[in-house]
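Novice: Provide a 3D model corresponding to the input given below.
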Amino acid sequence: MYLKHDRPDWIDIEEQATPNLTIEDLMWCLTKKRPSILSPTLSQALVLWDSLKNNSSLVSRGRPLSSIFQDPSFVSKIDKDSFKWWHDKGLYRIGRFFSHSGPLPGQHFIDKLGLPVSEKLKFSQLHDHAQSLWDSDLISGFLTPYESKCDQDLIRKGNISVIYKSLAANNTKLPHMLAWERELNNDWDLSDWYKNYTRSIKGFVNISLIEANVKMYTRWYLVPLKLASMYPSTSSLCFRNCQGLGSMIHIWWECPKIRGYWNKVFNIVRRVTGCNLHQSPTIALLNGMLPQISKVTRQLILYIMTGARITLAAAWKKSTVSILYMKRKVTWIMEQEKRVCSMLDRSTLFYEIWEPWLKYMGIPYTP
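Specialist: Purely as a prediction, here's the structure:
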């Protein structure tokens, strides 16, 4: 499931190592069917996914969203390349052949999709396999709420927030939440987590900026301590050579070689918005609750902090981080948001938010 219908480039890069499986297939297939060699980021993401899906009961019996063409008991009997019509119609997930009461009849596919006569033999093969799974009690006709959202062909605005809320609804804090709380010596309610996460997602119209915030929340970055847990021969010390333990909070906030950078970032926020914020990793990294200020000022601070984090990620192993580059990155964010706001007829709101930054940078505003 992708955030946009346009296929992101990173998916093609990741799937080069898995020529016979898509990233979607890797999520839903049996763990033992995955390739033994994957990129470090994809491998770690799947480790987190496996833990989460089992602990939170995200996947129902029989893995209904897995591809039927990756099921060995079915593929061994047929030539999967001959099922192009079914794949093009999105009928490759096992669950698409079931209702709550059992396998769907052929009339369902005739009425809904105009099943051509030439595909009736293929349907018989698919139906027989579905019936064998049902008779063996190997699959449930019910999807979990999470699976139901992922099974939607049409990606709707707000889906990520809905999925995140459904995950948090079981009153169980997710692993990344607990890890942040340990490092920040904090104990947030689930409602606080949801509010901060929602604020980060809803604050942007550009999808790449949403992605940057999600990566921080879910601790996606491979810091030295995480790399050392994956590869024991790798050092767990900070790669800026400060001899500190390379934890997430150290690399992003506590390392003495970047403390000056964050001092400058908060000073810029004060000069641009007039808000003298307390220097806190909760604000800098997780878009934590700000004092009682206007909505547009809060939004501008969110943009500035996001630009600061993107800049720090770009200078990942450097001992110094360019504040000039950070200003250019925030301006780049402004330009991206301007394009989208123009298309959505939100130019007035755009100027209201960005006016202080335009004045600070000495940039004339051109609608």
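Novice: separation between S319 and C275?
Specialist: 29 Å (Cβ to Cβ, to the nearest Å). Heads up, the C-betas are built off the backbone N, CA and C, glycines and all.
Novice: cool, L38 as well?
Specialist: L38 is 44 Å from C275, by Cβ to Cβ.
Novice: ok, the nearest residue to S200 once chain neighbours are set aside - contacts?
Specialist: Nearest residue to S200, sequence neighbours excluded (Cβ to Cβ, 6 or more residues apart in numbering): N213, at 4.1 Å. Going by Cβ atoms under 8 Å, 6 or more residues apart in numbering, N213 touches 200-201, 204, 287, 306.
Novice: got the contact list for F97?
Specialist: 68, 91, 103-104, 126-127, 130.
Novice: For G307, which non-adjacent residue is closest in space?
Specialist: Using Cβ to Cβ, 6+ apart, the closest residue to G307 is V330 (3.7 Å).
Novice: Give the other helices and strands that the host helix or strand of the one you found contacts.
Specialist: Using DSSP states H and E, V330 maps to helix 323-343. Judged by 3 or more Cβ pairs under 8 Å, 6 or more residues apart in numbering; DSSP states H and E, helix 323-343 is in contact with helix 207-217, helix 259-273, helix 295-314, helix 347-361.
Novice: what comes up buried for the shortest one?
Specialist: It stands for helix 207-217. Within helix 207-217, the residues that qualify as buried are 209-210, 212-214, 216-217, counting by 16 or more other Cβ atoms under 10 Å.
Novice: For stretch 294-314, could you pull out the residues that count as buried?
Specialist: Neighbour-count burial for stretch 294-314 [16+ other Cβ under 10 Å]: 296-312.
Novice: Give me the next element, helix or strand, following the helix or strand where Q131 lies.
Specialist: Per DSSP H and E: Q131 is located in helix 120-135. From helix 120-135 onward toward the C-terminus, using DSSP H and E, the following helix or strand is helix 145-150.
Novice: before we move on, the earlier item: need the contacts of N213 in JSON lines with secondary structure, distance to R339 and pLDDT, can you?
Specialist: Below are these laid out as JSON lines (DSSP: H, G, I helix; E, B strand; the rest coil; distance: Cβ to Cβ, whole Å; pLDDT from 0 to 100):
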{"residue": "S200", "secondary structure": "helix", "distance to R339": "21", "pLDDT": "77"}
{"residue": "I201", "secondary structure": "helix", "distance to R339": "19", "pLDDT": "74"}
{"residue": "F204", "secondary structure": "coil", "distance to R339": "13", "pLDDT": "74"}
{"residue": "N287", "secondary structure": "coil", "distance to R339": "23", "pLDDT": "87"}
{"residue": "T306", "secondary structure": "helix", "distance to R339": "17", "pLDDT": "94"}
